[in-house]
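>>> Below is the sequence, then the predicted model.
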Amino acid sequence: MFRTRHWLVLGAALLAVLASLVTTQPAAAAEGRPYTNPVKAQKGADPWLEYYNGSYYLINTTFTGELTMRKSPTLAGLATAPSVQVWADSTAGRNANMWAPEFHYFNGHWYLYYVAGQAGAACCDTQRTHVLESAGSDPMGPYTYKNTLTGSNLTPGGWLIDPSVLEYGGKLYLVGSGFVGGSAQSLVIAPMSDPYTLSSSAFTVISQPTLSWETSGAPVNEGPEPLYHDGRTFLTFSASYCQTADYKLGLLELTGSDPLDPVSWTKSQSPVFQRDDAKGVYGPGHNGFFTSPDGSENWIVYHANSSASGGCGNARTTRAQKFTWNADGTPDFGTPTATGTTLAGPAEETATTPTAYTLVNRNSGKCLDVAGGNTADGTNVLQWTCNGGANQKWHVEDQGDDTSRLVNVATGKVLDTADCSTADGADIRQWSWLNNNCQKYRLIYTGSDYVRIVNANSGKVADVADCSAADGGDVRQWTWLDNTCQQWRLTPTT
């Protein structure tokens, strides 16, 4: 009896000790909202994506003289988020062919790096790298032009594309793609004294296309993108000609101590991400990296074609997927996922994926509204107290030409300028879709989540007549006056 009790007491004590030594395993992070690739089907080339302050921000190549950005609280929401113009330039020499934009946060500001060329010039010897600075900490701006970033030894005449910024040892370096000293199109680097100034006019080549998988169609190394993990510094890059289905990703690692010394970089002898014919994915490349909202997951964003003949144009779409790390500490990107496959989004997304947007006037606080939800062509569009009605909700649908159409959720009709007028005061109404410029609009960012709604035909903006704050205040078009009666906040809704 005593002995049995003795062992029971000892057993209980031992279990208590063991329990105190066991470390509680953290619960797995909740999966994010379901999403489907592509996350952007219009103008999806050269994507750059950041998660910041509760939202994802996505920017891409436009091939025009303006840059547009999308914002969404979920990765899935980027597929239908409005494309908002954050920069346009009419300055000769840099007002066309905008490529490969990406934005980086330094010292309380975002710096937007991109490539642009001369309007009317044959593609693409006039391409140069430029940088903008945001007024504050909003990734959408507003932005001001800061500088052209070029080198004395780049040919022809300073040609430099696909800029990104490498951070190492407390210093900044501009990396990009160019030609130096008769090289093939190679990865190049130069030191920076601040986010918009080079401290040397000479670039150094750190990788040339010498391996067989780097020379399909043409010998090319471009699109360098930094990746940091466990104290190690990597650069992914795109290899071979983008016109081919064999466009793919390679990998460099900084194994030395000086990023400006070519021997400090070690190249993987095989590609790390490439086509998958069985999944219908061709030419995956020009990527970026982002993390899940809780920071626990690493994600890659990239473009790819859905046919082997897709080439270098707007057929490329933006895709994203999670990646992991190999036992040796190098990234494991896996294989590209097929389009149309539903996947779990980044961990700890808590917002609901938007399906539509309201447009709230900055002066009155009232919503853009189709009068009475009437479905007839010609029904007036006005402002009304926001009430959650479907006649105050709009799908903002990208037309692939830097414009959008605004489709009312209740009626299925689009925002339209009456009789295609270009006059101040012309009525804004709804009408059946006719696919003309009188029904297309540019959303141009003015700051603090507000835009001006600019008609593609007239260049005039959606304006609340006489700055009325009353229900029923008419919405018309008017010359841009830069007042709050002409600004509208894009608010996601379902």
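Alright, I've got the coordinates.
>>> Identify the residues contacting R405.
Listed by CB atoms under 8 Å, 6 or more residues apart in numbering, the contact partners of R405 are V396, E397, Q399, V414, L415, W433, Q439, K440, Y441. (Glycine included, C-beta is placed from N, CA and C.)
>>> Run the chain-centre distance for the one helix or strand it maps to.
Per DSSP states H and E: R405 is located in strand 404-408. With CA atoms, centre = their mean, to the nearest Å as the basis, strand 404-408 stands 21 Å off its chain's centre.
>>> before we move on, the earlier item: rebuild the contacts of R405 as TSV, extending it with pLDDT.
TSV is the format used below for these (pLDDT from 0 to 100):
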residue	pLDDT
V396	98
E397	98
Q399	97
V414	98
L415	98
W433	98
Q439	98
K440	98
Y441	98
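>>> If we only consider those, which is nearest to T155?
Closest to T155 out of the contacts of R405 is Q399 (37.8 Å), distances taken as CB to CB.
>>> these two touch, right, the closest one and R442?
No: taking contacts as CB atoms under 8 Å, Q399 lies outside contact range of R442: 10.3 Å.
>>> out of those two, which sits in the busier spot?
Neighbour tally, Q399 and R442, criterion other CB atoms under 10 Å: the higher count belongs to R442, 22 against 16.
>>> From G345, how far off is Y51?
11 Å (CB to CB, to the nearest Å).
>>> Also L160?
For L160, the distance to G345 - CB to CB - is 35 Å.
>>> Would you state the predicted confidence (pLDDT) at the spatially most central residue of the chain?
The chain has L58 as the residue nearest its centroid, 1.7 Å off, counting by CA atoms, centre = their mean. The model reports L58 with a pLDDT of 98.
>>> Show me what it is bridged to.
Counting by DSSP bridges, L58 is bridged to L49, R70.
>>> Please apply the same query to L174.
V165, A190.
>>> In contact with it, which residues?
Contacts of L174 by CB under 8 Å, 6+ apart are T129, L149, P163, S164, V165, L166, I189, A190, P191, M192, L198.
>>> and the gap between it and L160?
L174 is 9 Å from L160, by CB to CB.
>>> do G372 as well
Distance from G372 to L160, by CB to CB: 56 Å.
>>> Would you mind telling me which of those two has the busier surroundings?
For G372 versus L160, neighbours defined as other CB under 10 Å are more numerous around L160 (23 against 13).
>>> what sits against the more buried one?
With the criterion set at CB under 8 Å, 6+ apart, L160 makes contact with 115, 127-129, 149-151, 154, 176-178, 188, 203.
>>> Next up, phi/psi of it, please.
phi -150, psi 130 (degrees, to the nearest 10).
>>> pLDDT at it, what is it?
So, for L160, pLDDT stands at 98.
>>> again with the one 5 residues further on
The model reports V165 with a pLDDT of 98.
>>> likewise the one 10 residues further on?
V175 is assigned a pLDDT of 98 by the prediction.
>>> ok, it touching P224?
Yes: using CB under 8 Å, V175 makes contact with P224 at a distance of 4.4 Å.
>>> shared neighbours of the two, which are they?
S164, L166, L187, L235.
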